[in-house]
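*Asks:* Sequence and predicted structure below; questions after.
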Amino acid sequence: MFSNPFSRSTPAADPDTIDCEAFEKAVREGEATVVDVREPDEFAAGHIPDALNLPLSRFDPKQLPSGKPVVLICQTGRRSRNALNQARAIGRDDVNHYAGGMTGWRSRNGALAR
């Protein structure tokens, strides 16, 4: 079974959500594959470097990469939560989402690619 290296250790923490510090480390060190579920025009306007774009409007959780943990991201966390629920429904337990979304990433001065 997958052990989530990104979950916070507090009992009240949402085990499906990666916190900002762990997410920043995962991106910086290549510990996870980032999958952006925003639409292509949103993705093109700025995304996390090396992120894959699998828009929620045509999202198929079977297309999620394997080999290392996956972190889903969108603009504010709603679409990534929806995609996460779909991934869980097919048995993927190596997937989390960053609830802060791109809004949170930008507010922390995260790197962007275009």
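*Replies:* Cool, got the structure. Numbers count the residues shown, from 1 in each chain.

*Asks:* Report the beta-bridge partner residues of the most centrally placed residue in the chain.
*Replies:* Nearest to the geometric centre of the chain sits residue 72, at 2.0 Å (CA atoms, centre = their mean). As for beta bridges, residue 72 partners with residue 35, residue 97 under DSSP bridges.

*Asks:* Where does pLDDT dip in the protein?
*Replies:* 1-12 (pLDDT under 70).

*Asks:* buried residues in the longest helix anywhere in it?
*Replies:* Criterion DSSP state H: the longest helix present in the chain is helix 78-89. For helix 78-89, the neighbour count (16 or more other CB atoms under 10 Å) marks 79-84, 86-87 as buried. Using the backbone N, CA and C atoms, a C-beta is placed for each residue, glycine as well.

*Asks:* ditto for stretch 55-63
*Replies:* Using 16+ other CB under 10 Å as the test for burial, stretch 55-63 gives 55-56, 59, 61.

*Asks:* Identify the residues contacting it?
*Replies:* By CB atoms under 8 Å, 6 or more residues apart in numbering, the residues outside stretch 55-63 that reach it are 37-40, 43, 54, 74, 79, 82-83, 86-87, 89-90, 92.

*Asks:* related to what we said a few turns ago, would a markdown table of the buried residues of stretch 55-63 with secondary structure and distance to residue 16 be doable?
*Replies:* Listed next are the buried residues of stretch 55-63 as a markdown table, based on DSSP: H, G, I helix; E, B strand; the rest coil; distance: CB to CB, whole Å:
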| residue | secondary structure | distance to residue 16 |
| --- | --- | --- |
| 55 | coil | 20 |
| 56 | helix | 16 |
| 59 | coil | 16 |
| 61 | helix | 14 |
